[in-house]
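Q: Output the structure for:
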Amino acid sequence: MPEDDAAARDEAEEASAFSHPVVPPDVTAAYGDHPDQVVDFYAPRDGAKAAPLVVFLHGGVWRATYDRQHVTPFADFLARRGFAVANVEYRRGSSLPHQGGTVAPAGRWPETFDDVAAALDAMPRLVREALPQADPRRTVVSGHSAGGQLALWAAARHLLPEDAPWRTAAPAPLRGVVALAPIADFTVSRDLDVCSGGPVQFLGGEAVFAERLPYADPALLLPTGIATTLVQGRADTTVPPEVAEAYADAAAKAGEVVGLTLLEGVGHFPLIDPAADACAVVAEEIAQLAW
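A: Okay, here's the model as predicted:
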């Protein structure tokens, strides 16, 4: 596709994904004292009493510019298909430009990881108190873009270095992970300049990038032993398919089979756009692991 056409398609896809009104949650619960340490819960719209739970981590390059509000229509979309949904907020980068530039910095080290670990650890209690319709024994963690990285990381905490504060003694009790256009390999993402250097910013810059990779990069935290599927648009120019392919290759070398669903003619945002056919594919991939 010519570059101008690809840019126009990307713009149209993003506009569609962000065109839906915010869908208020059924209940919001805190997992910490910071205003960003909250989870929005959506009950299954079919009234099910023991629905699978989708824990969702939104994207946005780990930047403060993007919060969980933009994926509330997607959370509602899943709730209308019989899932209970936990839409997790977490601390992200500052809204101020990075080092005098025009782009806000990506993420906070270590607060972003602190929050995701804390939210997942608190989830069984939060579900019991706030969303009794959910069955936490059938939990799938999902996330889009930067949130896809966090979802993969959350499922791999038992593989973190022993001095990592987020390390767990055993794998998380998950049915699986469905990562949507995830920033799943930080080295490949850096080489492709994904999201204007977002992964490098997230880890604190080039000076500490290599040192912090083992604590953050999903491609280095394998095999997880947890069923994992990646859903990726072949036409994605925000997080190119080479990133997901690199993760799948790394998993294979580690002796683990990771599903990789590549969607023709699909860019970055249709995966979370209820108006797009790709969104139905995502729901089906989640259902394959949850039920």
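
Q: give me phi/psi at residue 228?
A: Note on residue 228: its backbone torsions stand at phi -140, psi 130 [degrees, to the nearest 10].

Q: does it have beta-bridge partners, and which?
A: Under DSSP bridges, the beta-bridge partners of residue 228 are residue 177.

Q: Can you name the residues that contact it?
A: By CB atoms under 8 Å, 6 or more residues apart in numbering, residue 228 lies in contact with 152, 155, 176, 177, 178, 179, 251, 256, 258, 259. The C-beta positions use only the backbone N, C-alpha and C, and glycine is treated the same way.

Q: Verify the contact between the fifth one and residue 284 for me.
A: Translated: residue 178. No: with contacts counted by CB atoms under 8 Å, residue 178 stays clear of residue 284, the gap being 9.9 Å.

Q: Of these two, give the one with the bigger neighbour count.
A: residue 178 (31 against 13; other CB atoms under 10 Å).

Q: In ChimeraX, how would I select just the buried ones from the contacts of residue 228?
A: Applied in ChimeraX, the following selects the buried portion of the contacts of residue 228 according to 16 or more other CB atoms under 10 Å:
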select :152,155,176,177,178,179,251,256,258,259
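
Q: just checking, which of the contacts of residue 228 belong to helices?
A: Cross-referencing those against helices under DSSP state H gives 152, 251.

Q: In the contacts of residue 228, find the pair that's most separated.
A: Within the contacts of residue 228, 178 and 256 form the most distant pair, 15.6 Å apart (CB to CB).

Q: what's the neighbour count on residue 54?
A: Residue 54: 29 neighbours (other CB under 10 Å).

Q: Show me where the stretch 101-250 of the chain has its helices.
A: 111-130, 146-154, 186-191, 198-202, 206-216, 241-253 (DSSP state H, counting those that start in this stretch).

Q: Which one of the ones you listed lies nearest to residue 51?
A: Proximity to residue 51 (CB to CB) singles out helix 111-130 among those, at 10.7 Å.

Q: Pull out the buried residues from the closest one.
A: Buried residues in helix 111-130, defined by neighbour count with 16+ other CB under 10 Å: 111-120, 122-123, 126-127, 130.

Q: Compute the inter-axis angle for that helix and helix 206-216.
A: Interaxial angle of helix 111-130 relative to helix 206-216 (axes from the mean of the first three to the mean of the last three CA atoms, to 10 degrees): 30 degrees.

Q: Return helix 111-130 as CSV; C-alpha atoms alone will do.
A: Extracted C-alpha coordinates of helix 111-130, given in CSV (Å, rounded to 0.1, in the frame of the first residue of the first chain):
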residue,chain,number,x,y,z
GLU,A,111,5.8,2.4,39.3
THR,A,112,4.1,1.1,36.2
PHE,A,113,5.2,-2.4,37.1
ASP,A,114,4.5,-1.9,40.8
ASP,A,115,0.9,-1.1,39.8
VAL,A,116,0.3,-4.0,37.4
ALA,A,117,1.7,-6.5,39.9
ALA,A,118,-0.4,-5.0,42.7
ALA,A,119,-3.5,-5.0,40.6
LEU,A,120,-3.1,-8.6,39.6
ASP,A,121,-2.3,-9.7,43.2
ALA,A,122,-5.4,-7.9,44.5
MET,A,123,-7.7,-9.1,41.7
PRO,A,124,-9.1,-12.2,43.5
ARG,A,125,-10.1,-10.1,46.5
LEU,A,126,-11.5,-7.2,44.3
VAL,A,127,-13.5,-9.6,42.3
ARG,A,128,-15.1,-11.2,45.4
GLU,A,129,-16.0,-7.8,46.7
ALA,A,130,-16.9,-5.9,43.5
